[in-house]
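>>> The following comprises the amino acid sequence and a computationally predicted model.
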Amino acid sequence: MTVCVTDKSVINLYFHTIPHFGNESVLQKHWAGAQNKRMKGALTLIAQDAAGKEVC
């Protein structure tokens with residue numbers, strides 16, 4: 001997903017699920033595209049300045 005902010009800069013956003021394989025997990029199920037299924041895990045967000053190589 002690409003987001004344009006007010007000063008005409010562009011930010012790339014990446015959503016990723018980090019799977020959890022433990023038996024006693026209290027995490028919610030999210031879509032894991034690499035696994036092509038829903039699984040328990042932590043949903044993460046990665047932001048990148050499109051003009052540079054900085055990742056937040």
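Cool, the structure landed.
>>> helix or strand right after the lowest-mean-pLDDT helix or strand in the chain?
Here the helix or strand of the chain ranked lowest by mean pLDDT, DSSP states H and E is strand 2-4, holding a mean of 56. Heading C-terminal from strand 2-4, the first helix or strand you meet, by DSSP states H and E, is strand 10-19.
>>> Give the buried residues for the next helix or strand after that following strand.
Of the helices and strands lying after strand 10-19 in sequence (DSSP H and E), the nearest is strand 29-32. Within strand 29-32, the residues that qualify as buried by neighbour count (16 or more other C-beta atoms under 10 Å) are 30, 32. Just so you know, the C-beta spots here come from the backbone N, C-alpha and C atoms, and that holds for glycine as well.
>>> Paired strands for strand 29-32, with orientation please.
Here strand 29-32 has these sheet partners by DSSP bridges: strand 37-49 (antiparallel).
>>> now the protein, which segments are flagged as low pLDDT?
1-8, 54-56 (pLDDT under 70).
>>> Quick check: the gap between the residue positioned nearest the centre of it and Ala51.
What sits nearest the mean C-alpha location of the chain, by C-alpha atoms, centre = their mean, is Phe15, with 2.0 Å. For Phe15, the distance to Ala51 equals 21 Å [C-beta to C-beta, to the nearest Å].
>>> Over to His20?
Distance, His20 to Ala51, using C-beta to C-beta: 35 Å.
>>> neighbour count winner among those two?
Set His20 next to Ala51 and count neighbours by other C-beta atoms under 10 Å: His20 wins out with 12 against 9.
>>> This completes my enquiry, with thanks.
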